[in-house]
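Q: quick check, what structure comes out for this input:
(3 chains)
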Amino acid sequence: MSVTPEPPPTTAPTKAPNPPEEPSGAGLFSLILRRQSIVVILVALLGSALIGAALIRYQGVSPWYAYQTIFKEALLVDGGLTRTLLKTAPLILTGLAVVIPLRVGLFNIGGQGQFVISAAVAGVTAYAARGAGFGALIIGLLVGVLVGAMWASIAALLKTWRGVHEVITTIMLNNIAAGIIWWMVTTGPGAFKNTSQIPMTGPIDKAAWMPTIAGIPLGFVIAAALAILCGWMLSRTTMGFRFDTVGKNKFAAGYAGIPINRVILLSMVLAGGLAGLAGAMEVHGVMHHFEPAIGGTLGFDGITIALLARSNPIWTIPAAFLVGILRTGAAGLQFATGIAPEIVDLILAITLLLVSIPVLGRWIFRSRADKVQAAATSWGN
Amino acid sequence: MAAWIQRNKFSVILGVVVLVLAYIYYFSDKTTALSMYRYAWTYAVPLVLCALVGVIGERSGVVNIGIEGQLLVSAFAGFFGAAYSGSLIVGILSGVGCGLILGGFLAWTTVKWRMDQIIAGVVLNIVATGITSFYYKPGQLLPALMPHWSIPGLSSIPLIGEVFFKGTGVIALIAIIAVFGIHFGLFKTTWGLRTRAIGEYPSAADTAGINVITMRLVNVTLAGALAGLAGVFLSMDSTSSFERGMSAGRGFLALAIMIFGAWRPLRAAAAALFFGFVTAAASQLQADQVINVPPQLVGTLPYVLTLVVLAVAAGRVRAPGAVGQPFVKEGK
Amino acid sequence: MSTPANDGTQPRGIPTEGTPTEYDPTVPEVDTSEEHLAAIVTNEEILALPAEVSGFGAGNVGEVILDVKNLSKSFGSVHANKDITLQVRRGEIVALLGENGAGKSTLMNQIFGLITPDTGEVTIKGDKTPIKDPRDAISRGIGMVHQHFQLVPVMTVAENVMLGHETTKGGVLDLDTARQMVRELSEKHNLAVDPDADVEDLPVGTQQRVEIVKALSRKVDLLILDEPTAVLTPQETDELLGVMRDLANGGTSIVFITHKLREVLAVADHVYVLRHGAVVGEVTDIANTTTTDLATMMVGRSVVLNVEKDAATPGEVVLQIENLHVKDDRNLGAVNGFDLQVRAGEIVGVAGVEGNGQRELVEALAGMRKVVSGTMRLGDLDLTKANPYQTHHAGVGHIPEDREKHGLVGAYSIADNLVLNEYDQEPFAKSGVRQFDKIRAYAEKLREEFDIRSSGVGQSAGSLSGGNKQKVVVARELTFGPKLLMAAQPTRGVDVGSIEFIHKRIVAARDGGAGVLLVSAELDEILSLADRIAVVHGGQVVKEMPAEGADRAEIGRLMAGDH
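A: Next up, the predicted model:
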């Protein structure tokens, strides 16, 4: 009986420490073939930069000048890099808040809500704990993590208990969170009367601010360390194996005795905790009080970052840094050219679009493999 | 007819009870009742239209998470189309056109390119937010108000006529026609039989000689027109302005309504009216000082209601069998 | 020809000839009168043609209706069909014989327009235009009944039959006409179906009749039946063969895809044997052909048709099932008062038509499905409420029925799949951290021992062939030393070489002292492998008997619920 020729492995195993031999051959081309996923990302980024350039041109501004301004503002001007890293820190965390559930097969669109509600509660708590000095920082961060985890677990419980799809529930929870935080700072427990027209909570003690050491914000260090820790957890531990198994084949996971519901809940609790930490860090490290606009679109940017990072926690660091550059630089762009900072929303949306279209990889490599698909999500179960 | 009533006994009884209660309240307090009912219907119109978009998509096997984005872009295009051109017609057409284009985008990426349907929809929403917030210009006005008419005869029916046919705009009327038309189409015509087949068991439809890919493309794209109408209704009919993020999660409420309505247009419309009524009742109670809840929290009511409704409905209703799965023909 | 373990004396999946289990399908007598045949013709036009063209009338064979020349199709590097040439004439039953993966279904899916051939020519009734899609195939007189039924479960029989060629009255679906059509066809061809029943409520045998009615509701000249008897009891099989004969006498051509030799001999006029995607044999003189001849052609070497095993030496009871009740996915009773014992060192075969609660039984035993009432015990351990983790660690090995869905994570490497339910145990993990070197070494050992053909243990399991995938599952479930092995359809969709191998390992597990519960829809597999047979119907054991000397016809009757 003859053996049918085995097709070559289509996916490189991620678990084994010594990966099997990759396509041999020297030169740039084989390198490109081996790193298809990165090439696709780079092409997507280039594509969105070009489209963005066209849009800027259409606004009557030289795209070259605009991009220069963004990068100069974000990296080169005095304190620019610090500001960018400060912006990057919560983005890494909201990116992780999408990545981790994605590995389990859940699409957490609720980073925004988890972020703002944690920030609000942390802000109120830290204000109440003023006088506790450094302790207020610890309390604020812990409260942020807990509130975020609890908020996200609502969606997880609805999923495991009633089978409600997490995309709808997390979006609804975002809207509910928005209502609650507005109430908190207008007529609710967090309202703080001051001269400005913006409803906000009271300022926290300077002792509870998150420090910046030698131009590097502590928040960034924490976020990057957590990203590496998450990467290690997913690739090297039994918990990570459980996560991936549920995400890749839920039925086999059940067959193998993995408690699927507990894994789903845990992934969302982790995600919520990370987004909540981001919220608390934004209060302690940037605003030093809470106001509803604190979130901006940090939570939603997490989605773009997660897909740019191909749901790999470690890659969220550069992805978040890139988004951080754009966000930080956008303010300078508006000052220099008058282009609204929402241009970044548009450019990021286009990036997301290009990154997530599976055919991009197929066009470049003429392969039929849908490797680019970042996650398999299911509807209604 | 008798058989139909027999089959839908529960719905018929519930419908009659609700209608009787509605009339009792109407005759006891005409002004308040009418204003509440009208508020409910105005609130429900975009939800009904969007729920129909969801029903058509999912009955064909495509999850449309991007309704929210379709709604937002259409509201934007409708309002600014009308404001810049000075013509309401141009506004309506550009709103509907954008609904179609985004529907086509979703259809093409998910059906042709087999992109994950959830991811495609979420991407569409983010793109919609990006476009509408960047190109938004404050201070624009509509050239005129949308015309409202009363349908002679129908509008003099107490309650029903007064709510649905008195001083009503064209989009609200289309919504009524669309509910009945699509319900009829789905269950009584060849198109409906085939649509249900491609959403339930596409390979069976394929082997019966039906072109699954084309049919999904056409259905999802054309359904976008309804989302377009809903968007136009938001920015040009129920209000006369466009705000950033004005869709406010309605696209997702519509999906919940679709599930609550068991993927059937008539039931979905009833569910949308229920949502509208609860919202109307809450703001009425708020205004009457019966309940004392901060307005920000009352505003979250539809979202809380959605979570409750989904938790209750899930497990009781059955989604179309192939929803969310791309149709792959081997060896083609 | 490189199966090292094969010295020609090993067990086979192919049934024995001349053993007491022999059973010959009998084609029921069919009415061959002209009036009857004229009433059942599927395409009226052939009545006008002379018999030598139309094939009309008992035993007549007409002109060539399907002519396939040099057809080839590859999927990536796999040649599914190589240079296939065959002909089908009017009024003829052509059997397409071959083992799993020989390329039979691929070939017919090309005739039906589901797959486009790479090269070659398909001529239908003299028309050489390539077949674009199923719609085109249907309009040219081809009907196909697929192995996996192509019916919409939530629709009625009438709706399914009319799908794709609906009749309307003023734009409204005309269901009455469809009902009428179903009634007429079911009467004409002796295929009892109720037009208003929902398809999902029907047993598989009836669903198949719906499929045939659906195909006949279009004007068919050529009917393709893909493994139609796989889901039928022996008695239902006989009835189906009768219907096929009847249709062929009426001038309809039939292509019958199967791997069951005796059915071929009972009904076919002409046989093509496929192996590895190519036609390796053609038989026209059916009367003078034996199953051994066909088996030899099919497998490519002479086969000894016996599973070699010693008599069982049953020990103490390992599995005790008492009055078990389990519900299916639709919340209907699937297992209804099941009683069974499995002893150490014996293989108990569960025989029955699919859909009689076997799947739910196995899933309940594996902890994957809730038990409504009753008990199941593994030795002294009560497993009634256990979850899959607990059952596995209690010593239950489980080869699941659907290996792609439950048995494997396709995106994972072979190594990860081999430790799928032991990943958190020493030595594969230490305090929650996975030990990749240990996993790899273990996987290398099993790859060698179970002859898993792959480029390395890092290859993704999803890219393996069916047989090798199953070997991964079998290796995993046998190596941890189970007290009880549950094997559900262990050789479905697996090539003969792997079947032999898997059977040998199951017997070895038995000899090593494990109790084995074998669930299979292939009666032949049960008869050749089991020591004791439990026939199930309606979620209950209707009879237990020793495998030695079991009567095939009796089992068939019991399977059909006749007891």
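Q: in the chain, which residue is most central in space?
A: Here I'm looking at chain A. residue A:95 (1.3 Å; CA atoms, centre = their mean).
Q: chain B is the one I meant
A: With distances taken as CA atoms, centre = their mean, chain B has residue B:50 as the residue nearest its mean C-alpha position (2.1 Å).
Q: apart from its neighbours in sequence, what residue is nearest that residue?
A: Closest residue in space to residue B:50, ignoring its immediate chain neighbours: residue B:254 at 3.3 Å, by CB to CB, 6 or more residues apart in numbering or on different chains. From N, CA and C alone the C-beta is placed, and that goes for glycine too.
Q: quick check, that neighbour in a helix?
A: Yes. Counting by DSSP: H, G, I helix; E, B strand; the rest coil, one finds residue B:254 located in a helix.
Q: interface residues of the stretch 201-350 of chain C facing chain B?
A: Residues of the stretch 201-350 of chain C lying near chain B by CB under 8 Å from any CB of the partner chain: residue C:214.
Q: all strands of the stretch 201-350 of chain C, in order?
A: For the stretch 201-350 of chain C, strands defined by DSSP state E, counting those that start in this stretch occupy the ranges C:222-226, C:253-258, C:270-275, C:278-283, C:317-327, C:333-343, C:347-351.
Q: in contact with the closest residue in space to residue C:227 that isn't next to it in sequence, which residues?
A: What sits nearest to residue C:227 in space, not counting adjacent residues and going by CB to CB, 6+ apart, is residue C:147, at 4.5 Å. Remark: with contacts taken as CB atoms under 8 Å, 6 or more residues apart in numbering or on different chains, residue C:147 is in contact with C:105, C:226-227, C:230, C:257.
Q: which helix or strand contains residue C:26?
A: Element membership of residue C:26 [criterion: DSSP states H and E] is none; it lies in no helix or strand.
Q: my guess is the residue nearest to the centre of chain B contacts residue B:69. True?
A: No. Contact between residue B:50 and residue B:69 fails when scored by CB atoms under 8 Å: they sit 11.3 Å apart.
Q: related to what we said a few turns ago, identify the farthest-apart pair in the contacts of residue C:147.
A: Across these, no pair lies farther apart than C:105 and C:230, at 11.9 Å, counting by CB to CB.
Q: contacting residues for residue A:334?
A: With contact taken as CB under 8 Å, 6+ apart, residue A:334 is in contact with A:340-341.
Q: helix or strand for it, which one?
A: Per DSSP H and E: helix A:316-337 holds residue A:334.
Q: spatially nearest residue to residue C:107, not counting backbone neighbours?
A: The shortest distance from residue C:107 to any non-neighbouring residue, by CB to CB, 6+ apart, is to residue C:81 (5.4 Å).
Q: quick check: the one you found is in a helix.
A: No. Read with three-state DSSP, residue C:81 is strand and lies in no helix.
Q: what number of residues lie near it?
A: For residue C:81, the neighbour count with other CB atoms under 10 Å in any protein chain shown is 27.
Q: in the helix or strand containing residue B:55, what's buried?
A: When secondary structure is defined using DSSP H and E, the element that contains residue B:55 is helix B:30-59. When neighbours are counted by 16 or more other CB atoms under 10 Å in any protein chain shown, the buried residues of helix B:30-59 are found to be B:33-34, B:36-59.
Q: got the residues of the stretch 301-450 of chain C near chain A?
A: Within the stretch 301-450 of chain C, the positions near chain A by CB under 8 Å from any CB are C:366-368, C:387-393, C:398, C:400, C:405-413, C:415-416, C:420-421, C:423-424, C:429, C:432-434, C:436-437, C:439-440.
Q: now list the buried members of the residues you listed.
A: Those of those that meet the buried threshold are C:366-368, C:388-389, C:391-392, C:398, C:400, C:406-413, C:415-416, C:420-421, C:423-424, C:429, C:434, C:436, C:439-440, by 16+ other CB under 10 Å.
Q: so which of those residues sit within helices?
A: C:388-389, C:391-392, C:415-416, C:436, C:439-440 (DSSP state H).
Q: which ones are touching the residue most central in space within chain C?
A: With distances taken as CA atoms, centre = their mean, chain C has residue C:230 as the residue nearest its mean C-alpha position (4.6 Å). Contacts for residue C:230 (CB under 8 Å, 6+ apart) come out as C:147, C:521.
Q: give the burial count for the closest residue to residue A:206 other than its chain neighbours, as a bare number.
A: Beyond its immediate neighbours in the sequence, the residue positioned closest to residue A:206 (CB to CB, 6+ apart) is residue A:288, lying 8.0 Å away. Number of residues near residue A:288 (other CB under 10 Å) recorded here: 18.
Q: same thing with residue B:251?
A: The burial count assigned to residue B:251 is 32, neighbours taken as other CB under 10 Å.
Q: then residue C:285?
A: Taking other CB under 10 Å as the criterion, the count of residues near residue C:285 is 8.
Q: after the helix or strand hosting the residue nearest to the centre of chain A, next one along is what?
A: Applying DSSP H and E as the criterion places residue A:95 in helix A:80-103. The first helix or strand that comes after helix A:80-103 along the chain, using DSSP H and E, is helix A:111-128.
Q: is that following helix anywhere near chain B?
A: No. Using CB under 8 Å from any CB, we find that helix A:111-128 stays clear of chain B, coming within 10.2 Å at best.
Q: now the helix or strand that that helix is followed by: buried residues?
A: Once helix A:111-128 ends, the next helix or strand along the chain (criterion: DSSP H and E) is helix A:134-157. Buried residues in helix A:134-157, counted by 16+ other CB under 10 Å: A:136-137, A:139-141, A:143-157.
Q: which ones among those also lie next to chain B?
A: The residues of the buried residues of helix A:134-157 that also fall near chain B, by CB under 8 Å from any CB, are residue A:154.
Q: any part of stretch C:82-89 near chain B?
A: No. Stretch C:82-89 stays out of contact with chain B when judged by CB under 8 Å from any CB, the minimum separation being 14.9 Å.
Q: what ranges do the helices span in the stretch 101-250 of chain B?
A: B:117-135, B:160-164, B:170-188, B:190-200, B:202-207, B:212-232, B:250-260 (DSSP state H, counting those that start in this stretch).
Q: could the ones you listed go into JSON lines alongside distance to residue A:52 and mean pLDDT?
A: JSON lines is the format used below for these (distance: least, CB to CB, whole Å; pLDDT from 0 to 100):
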{"stretch": "helix B:117-135", "distance to residue A:52": "11", "mean pLDDT": "90"}
{"stretch": "helix B:160-164", "distance to residue A:52": "47", "mean pLDDT": "89"}
{"stretch": "helix B:170-188", "distance to residue A:52": "35", "mean pLDDT": "96"}
{"stretch": "helix B:190-200", "distance to residue A:52": "38", "mean pLDDT": "95"}
{"stretch": "helix B:202-207", "distance to residue A:52": "38", "mean pLDDT": "92"}
{"stretch": "helix B:212-232", "distance to residue A:52": "26", "mean pLDDT": "96"}
{"stretch": "helix B:250-260", "distance to residue A:52": "26", "mean pLDDT": "92"}
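Q: hey, which of these is tucked in deepest?
A: Comparing these by mean neighbour count (mean count of other CB atoms under 10 Å in any protein chain shown), helix B:250-260 comes out on top with a mean of 29.
Q: got the angle for that one vs helix B:117-135?
A: Using axes from the mean of the first three to the mean of the last three CA atoms, to 10 degrees, one finds that helix B:250-260 and helix B:117-135 are set 150 degrees apart in direction.
Q: what helices and strands are in contact with helix B:250-260?
A: Judged by 3 or more CB pairs under 8 Å, 6 or more residues apart in numbering or on different chains; DSSP states H and E, the packing partners of helix B:250-260 are helix A:166-186, helix B:30-59, helix B:67-85, helix B:265-287, helix B:301-313.
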